[in-house]
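Participant: next input, structure requested:
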Amino acid sequence: MKSMTRRLIATVFACAIACLTGQTYATDAKAAELAKAGEASYNLYCVACHQSDATGKVGFAPSIRNKDFLALATDDFLKNSIRSGRPGTAMVPWSFLTEQQIDELVAYLRSGEEGLPAKQIPLDPRKIYPGDAKEGEGLFVTYCAPCHGEKGAGYAVGGPGPAIGGAGFLSVASDDFIYKTLEHGRTGTAMRSFLGPKAVANLTPHEAGSVIAYLRNLNGSTQPVEAVAESVGDAAKGEAAFNINCVACHQPGGTGKPGFAPSIRNQDFLAISSDTFIKETVSKGRPGTSMIGRPDLSDTVLNDIIAYLRAVPAGAIRDVTVDATLVFHGDAEKGEQTYASYCSACHGPKGEGYMAGVAGPAIGLKGFLEVASDDYIMQTVKRGRVGTAMKSFIGAAGVANLSEEDIHDVISHLRSQAN
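Facilitator: Numbering: from 1, shown residues only. Reported below is the predicted structural model:
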């Protein structure tokens, strides 16, 4: 009876945490219902590898109900891992499971005493930790390979720790996820903290960044997690949510209105905007503009709205890769002159946009620059936005025949004045 009471309290507490952290469980009763169904699915599909209560087995399968793991892993992280599996490991894709079943599995993992996160650890999926991949290789061999195996192959090469060097893991694990795992460790496992004077290895933040750089270089890519496909929403529900929350400014169909609100269903915009970029923009808003933050919208609602935005009837969205790790080093003074000549007429003298009575949106304020990478801005200037006044400004076919170096200067100017 005491155990049942503790588990009931834990489930209620888990729901409270879920509400505070953006999980989508509406009530504690609903959470308990989802978790019960998820436990049945877990015992049918997952228990053979991850063991009873998802505690895992050293050298065979990791614990996925570990408190420290769940404090770092978002619902999207868990869902993507279930849907896509981990190529190169025994974790195969469970793509035949319905979204409802996957939601139930996640609810089960987060429920009960064992599933409650020991602490809430905020993650920034866009944060990049700079490092030296060559230095990281030496550090990995010394401190990580004994458990995670040569090149992070994990159990496949007889290591007691899971694979962390494969594309399956690195495609869903952000730099910040890896860094904070190194920082906090995993209670109850052999994974200790490796950062700081009280840690196993006393690694510095730079050295941790070097380990991350080495892991990403194993797959020939430093592409961060935002480049990975995220949760699939319901476009029909998204249209309804858009019409309730967004249509007043962004107009029917998301076509926008010059001088008032930008088009957010434009195929060029969607080609370079990751789901994470859109979610952060909606949640945080754009300070200094009429775009207020909407942290009240759940991840499910945002996924639905994004699905609606991406269901563009005007043709296929272009295939454009944006590398959020790129940082351009330009001349801010030259950029100020270029900006004044080619950008200020639409975006305002200081990039303040509509607030200055111009036709284009704000691109010089922190709200935009904190979520827009240098390459996002570059790709926008290079490609323009079809159907809008924003044309390409680069090369012989561009409006101004600017060089990429000119845009580096403009980006440096925008970031320097926003600091």
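
Participant: T388: what's it in contact with?
Facilitator: Residues in contact with T388 (Cβ atoms under 8 Å, 6 or more residues apart in numbering) are G256, P258, S263, N266. The C-beta positions use only the backbone N, C-alpha and C, and glycine is treated the same way.

Participant: could you redo the last one with a cut-off of 7 Å?
Facilitator: S263, N266 (Cβ atoms under 7 Å, 6 or more residues apart in numbering).

Participant: in a helix, Y214, correct?
Facilitator: Yes: under DSSP: H, G, I helix; E, B strand; the rest coil, Y214 sits within a helix.

Participant: which ones are touching it?
Facilitator: A133, G136, E137, F140.

Participant: ok, the last one touching S210?
Facilitator: Pointing back at F140 there. No: the criterion here is Cβ atoms under 7 Å, and F140 misses it with S210 at 8.7 Å.

Participant: quick revisit: quick one: which of the contacts of Y214 sit in helices?
Facilitator: With DSSP state H as the criterion, helices contain A133, G136, E137 from among the contacts of Y214.

Participant: could you chop this structure up by domain?
Facilitator: 2-115, 133-227, 235-310, 332-418 (automatic domain parsing).

Participant: show the pLDDT at G315.
Facilitator: Turning to G315, the model gives it a pLDDT of 46.

Participant: give me the spatial nearest neighbour of H206, chain neighbours excluded.
Facilitator: Closest residue in space to H206, ignoring its immediate chain neighbours: G131 at 6.3 Å, by Cβ to Cβ, 6 or more residues apart in numbering.

Participant: wait, I meant L297
Facilitator: Excluding the flanking residues, the one nearest L297 by Cβ to Cβ, 6+ apart is V282, at 6.4 Å.

Participant: swap in G348?
Facilitator: Nearest to G348 is A356, by Cβ to Cβ, 6+ apart, at 3.4 Å.

Participant: for that neighbour, give me phi and psi.
Facilitator: Phi and psi for A356, reported as degrees, to the nearest 10, are phi -100, psi 10.

Participant: settle this for me: it is touching A345, isn't it.
Facilitator: No: in this structure, A356 is not within contact of A345 by Cβ under 7 Å, at 10.5 Å.

Participant: so which of these two has more stuff around it?
Facilitator: A356 (15 against 12; other Cβ atoms under 10 Å).

Participant: how much space between that one and F368?
Facilitator: Distance from A356 to F368, counting by Cβ to Cβ, to the nearest Å: 14 Å.

Participant: again with P122
Facilitator: As for P122, its distance to F368 is 22 Å (criterion: Cβ to Cβ).

Participant: ok so, going back, including distance to V322 and mean pLDDT, could the domains of the chain go into TSV?
Facilitator: Listed next are the domains of the chain as TSV, based on distance: least, Cβ to Cβ, whole Å; pLDDT from 0 to 100:
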stretch	distance to V322	mean pLDDT
domain 2-115	19	75
domain 133-227	8	84
domain 235-310	5	88
domain 332-418	5	89
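
Participant: got the contact list for C49?
Facilitator: F60, A61, A90.

Participant: still on that earlier bit, now the helix or strand hosting the residue nearest to L297, how far from the centre of its chain.
Facilitator: Take DSSP states H and E as the rule and V282 turns out to sit in helix 275-284. Relative to its parent chain, helix 275-284 has a centroid offset of 10 Å by Cα atoms, centre = their mean, to the nearest Å.
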